[in-house]
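Trainee: Would you be able to build a 3D model of this:
(one chain, ligands or ions: 1)
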Amino acid sequence: MIRYCALLCLSALLLAQNAAKTAPNNSNVPVYTSDGRLVFPANYREWIYLTTGMDMDYNPDPSMAGHSMFDNVFVNPEAYKVFVATGTWPDGTMLVLEGRMAANKGSINKAGHFQTNDVMMRSVHVKDSRFDGKWAFFGSDDEGKPTKQIPKEAVCYSCHDQHAAVDTTFVQFYPTLLEVAKSKGTLSPAYLKDEAATAGASAK
Ligand code: HEC
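Mentor: As a prediction, the model looks like this:
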């Protein structure tokens, strides 16, 4: 009897482990596979909403010509709280960028654009001391499939390093966080330089 129970318990345990492997990742901390891929945080739409950009033209994808796209940014709530308190991001921060196709014809809409169910892309910016330089980008076209880190040489890193307002993140476009960064004095020298150059150019 005891042996049967042990067998049953063991198979239940194995089943549970298998389920855990295939279940979507609903964790608010970064989860990696043994070969260093990031498991996409499937529940990111329950996180804190930071902004929506529309047709922001740093997107190098020429196939977007003639189409409009929104991009939405979300961050895990634990990291958001730390940012509000300190003006910078803790280890374990995950920011998700989601691109959605825009439409203008639909339902009662007569003017302007709305977001559709057509997700064009998703990517994740993760802060974790396991990475050289602390931050890493991961793509994700196919939700659920763990993705490899985007190589350090990619243009993603240089643009974010050279122009982002706080710690390689584009806080200048996240209205609730920009004021926090200003008051905590955490704006990056690169961003302050960009701002000074723009102010100089418009004063001329
Ligand atoms: C030329 C500059 C530029 C390049 C290149 C670039 N980005 Fe960004 N990125 C931005 C801007 C601007 C935002 C803010 C978007 C908004 O306000 O909606 C942003 C936001 C993001 C965010 C949201 C979190 C954050 O860090 O602020 C992610 C994730 C992201 N980009 C991923 C990528 C990836 C992946 C690549 C490379 C494939 C990339 N970016 C290349 C300018 C850039």
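Trainee: just checking, next helix/strand downstream of whichever strand or helix holds Met94?
Mentor: Taking DSSP states H and E as the definition, Met94 sits inside strand 93-103. Where DSSP H and E defines the elements, the next helix or strand beyond strand 93-103 is strand 114-127.
Trainee: and that next one, what other elements does it pack with?
Mentor: Other elements packing on strand 114-127 under the criterion 3 or more CB pairs under 8 Å, 6 or more residues apart in numbering; DSSP states H and E are strand 69-75, strand 93-103, strand 135-140. From N, CA and C alone the C-beta is placed, and that goes for glycine too.
Trainee: would you turn those into TSV with distance to the ligand, mean neighbour count and mean pLDDT?
Mentor: Converted to TSV, the helices and strands packed on strand 114-127 look like this (distance: least, CB to the nearest ligand atom, whole Å; neighbours: other CB atoms under 10 Å; pLDDT from 0 to 100):
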stretch	distance to the ligand	mean neighbour count	mean pLDDT
strand 69-75	5	21	97
strand 93-103	4	20	97
strand 135-140	4	21	94
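Trainee: and Thr169, which of the ones you listed is closest to it?
Mentor: Thr169 sits nearest to strand 93-103 of all these, at 6.3 Å, using CB to CB.
Trainee: Figure out the length between the terminal residues of stretch 103-117.
Mentor: Separation of the first and last residues of stretch 103-117 by CA to CA, to the nearest Å is 10 Å.
Trainee: outside of it, which residues touch it?
Mentor: 52, 54, 68, 70, 72, 100-102 (CB atoms under 8 Å, 6 or more residues apart in numbering).
Trainee: what about it, distance to the chain center?
Mentor: Distance of stretch 103-117 from the chain centroid (CA atoms, centre = their mean, to the nearest Å) equals 25 Å.
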